[in-house]
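> Okay, here's the prediction I keep looking at, along with the sequence it came from:
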Amino acid sequence: MNADEGAPQISFGAAARVWARIGLLSFGGPAGQIALMHKELVERHKWISEARFLHALNYCMLLPGPEAQQLATYIGWLMHRMSGGLVAGTLFVLPGFLTILVMSLLYAGLRDLPVVAAIFFGLKAAVLAVVVEAVLRVGKRALKTRLMVAIAAAAFVGIFFFAVPFPVIVLGAGVLGLVGGRVVPAAFPRATVLADAAGRVSIIDGMMERGELAHTRPSRGRTIRVLGVGLVLWFAPLAALVAVFGARSVFVEEGLFFSKAAVVTFGGAYAVLAYVAQSAVETYGWLLPGEMLDGLGMAETTPGPLIMVVQFVGFMGAFRHPGGLPPMLAGVFGSIVTVWVTFVPCFLWIFLGAPYIEALRENRPLRSALSSITAAVVGVILNLSIWFALHTVFGEVVEWHRGWLRLLVPAWSTVNVPVLVLVALAIFAMFRFRVGVAKTLAGSVVLGVLWKVLLE
């Protein structure tokens with residue numbers, strides 16, 4: 001309590017403890033993580049109102065990167081300025097980072113052990129089912145009009161048949177939305193009306209009404225300072241890597257690649273996974289196709305945002321191309337570099353743009369652009385699910401080219417029947433009996449181990 005005004009306040013220590021709890025329990029992907037934050041912040045502690053929570057979430061949906069982590073950063077910033085945002089966003093990521101680092105070390109050092117191979121054998125099947133479910137879930141939410149369906153179809157055709165780069169698809173969809181929102185606004189989904197279902201004034205709303213959150217007001221000077229500091233924190237380490245290891249080092253390659261990925265990850269982790277997976281496998285040779293599924297399985301079974309799969313990619317890329325370092329040490333370093341360049345931009349987007357949230361929310365063309373990008377993301381995720389399915393179920397997949405056209409053709413003689421059976425069981429469990437992601441993953445791991453132990 002504030003002794004002068006008798007008004008409730010939120011202490012920094014209490015907030016840090018809640019953010020630590022959320023970080024440790026943030027399983028289940030963005031939907032589960034956002035639901036957990038809503039339960040803790042809106043319902044249990046009554047720190048933020050329903051309307052303001054949803055308002056902040058919609059802003060985070062506009063941004064590239066993991067919306068749940070950015071939502072935590074935003075609300076932390078709202079309560080305790082930049083230090084609060086840094087604590088909230090970091091604690092959201094830290095448990096998953098440490099867990100995936102340990103799992104990556106075990107994977108690189110012990111994956112030839114039968115039990116480890118069996119675990120990841122089962123994980124691949126479940127992950128494919130999760131990706132298929134994501135296509136349907138996002139599609140149901142995003143494809144509200146015929147134009148949105150057409151954009152999704154065009155995005156899928158572009159990336160699957162013609163290998164159009166993901167950033168080009170995002171940019172094209174955004175431009176179409178900006179223009180189309182002005183010309184044919186009826187073709188785009190209507191804005192959602194936000195309201196405080198409980199009709200109460202939360203602690204943050206009360207602080208806002210009393211003028212205690214002055215840092216939320218836009219300032220040109222503050223914007224310039226935040227942009228300058230953010231860019232230095234983002235790119236100065238990359239310059240240091242060039243100076244120490246050379247411009248062609250795997251650490252520099254990972255820093256630049258994942259910096260680019262951080263700018264185009266609209267639509268969450270599933271949207272960018274096709275872009276990351278294909279580049280990591282085909283362009284850089286950091287991973288084998290099946291290993292990307294192993295990494296996704298790690299990210300699905302650990303707390304934190306699903307985009308943490310890039311940490312595994314960074315680890316394996318540096319482990320395979322260590323330069324003059326021991327492979328394990330190189331993997332750890334690659335892991336740190338990847339996570340740094342992935343999440344520094346996430347903090348920057350929040351600290352830079354949060355004061356302008358009201359203006360962004362009322363901008364109708366921007367809303368239309370987001371709708372178009374989200375629709376295109378559905379097509380990209382569909383491409384991801386097919387790409388994963390082919391490389392999971394078949395031992396050999398060949399690319400067929402003719403002019404601009406590209407097709408992925410599986411060798412039917414290399415079909416992996418056990419994997420196909422596990423995939424079917426995982427999909428049946430998720431869609432018929434509504435089994436959650438964690439239980440589906442655990443069940444697939446058990447079945448995979450039993451198959452390897454008893455039938456091989």
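Happy to help now that I have it.
> Quick one: residues contacting the closest residue to residue 321 other than its chain neighbours.
Closest residue to residue 321 apart from its sequence neighbours, by CB to CB, 6 or more residues apart in numbering: residue 250 at 4.1 Å. In this view, the C-beta of every residue, glycine as well, is placed from N, C-alpha and C. By CB atoms under 8 Å, 6 or more residues apart in numbering, the contact list for residue 250 reads 286, 317-318, 321-323, 330, 334.
> Need phi/psi at residue 433.
phi -110, psi 10 (degrees, to the nearest 10).
> Throw the contacts of residue 250 into JSON lines and include secondary structure, thanks.
Below are the contacts of residue 250 laid out as JSON lines (DSSP: H, G, I helix; E, B strand; the rest coil):
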{"residue": "286", "secondary structure": "coil"}
{"residue": "317", "secondary structure": "helix"}
{"residue": "318", "secondary structure": "helix"}
{"residue": "321", "secondary structure": "coil"}
{"residue": "322", "secondary structure": "coil"}
{"residue": "323", "secondary structure": "coil"}
{"residue": "330", "secondary structure": "helix"}
{"residue": "334", "secondary structure": "helix"}
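> Can you tell me which of these are classed as buried?
Buried subset of the contacts of residue 250 (neighbour count, 16 or more other CB atoms under 10 Å): 286, 317-318, 321-322, 330, 334.
> Can you tell me which of these lies closest to residue 175?
residue 286 (31.7 Å; CB to CB).
> Model confidence for the residue nearest to that closest one when sequence neighbours are not counted, exactly?
Nearest residue to residue 286, sequence neighbours excluded (CB to CB, 6+ apart): residue 317, at 3.2 Å. In this prediction, residue 317 carries a pLDDT score of 95.
> ok so, going back, any chance of the buried ones among the contacts of residue 250 in TSV, with distance to residue 114 too?
Output for these, formatted as TSV (distance: CB to CB, whole Å):
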residue	distance to residue 114
286	25
317	26
318	27
321	28
322	27
330	27
334	27
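> mean confidence for the longest helix along the chain?
In the chain, assigned by DSSP state H, the helix with the most residues is helix 67-110. Here helix 67-110 scores 92 as its mean pLDDT.
> now stretch 26-44
On average, stretch 26-44 scores 77.
> Determine how far that stretch lies from the middle of the whole chain.
16 Å (CA atoms, centre = their mean, to the nearest Å).
> thinking again about what came up before, have a look at the contacts of residue 250 and tell me the least confident one.
Minimum confidence in the contacts of residue 250 sits at residue 323, scoring 87.
> Can you mark which positions in stretch 365-374 are buried?
366-374.
> if we can go back for a sec, now, the most widely separated pair of the contacts of residue 250?
Maximum distance among the contacts of residue 250 (CB to CB): 13.8 Å, for 286 and 323.
> Heading C-terminal from the longest helix of the chain, find the next helix or strand.
helix 114-142 (DSSP states H and E).
> tilt between that next one and helix 67-110?
Put simply, helix 114-142 runs at 160 degrees to helix 67-110, going by axes from the mean of the first three to the mean of the last three CA atoms, to 10 degrees.
> for the record, mean pLDDT for helix 114-142?
In the prediction, helix 114-142 has an average pLDDT of 76.
> can you check stretch 422-435 too?
90.
> what residues does it touch?
With CB under 8 Å, 6+ apart, stretch 422-435 has contacts from 122, 125-126, 128-130, 132-133, 389, 392-393, 437, 439-440, 443-444, 447-448, 451.
> Which among those count as buried?
Counted by 16+ other CB under 10 Å, those give 122, 125-126, 128-130, 132-133, 389, 392-393, 437, 440, 443-444, 447-448, 451 as buried.
> Any stretches of the stretch 101-250 of the chain with poor pLDDT?
112-113, 138, 141, 190-201, 211 (pLDDT under 70).
> quick one: the strands in the protein?
397-402, 405-410 (DSSP state E).
> With mean pLDDT and mean neighbour count as extra columns, can I get those strands in TSV?
Shown next, in TSV, are the strands of the chain (pLDDT from 0 to 100; neighbours: other CB atoms under 10 Å):
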stretch	mean pLDDT	mean neighbour count
strand 397-402	86	10
strand 405-410	90	13
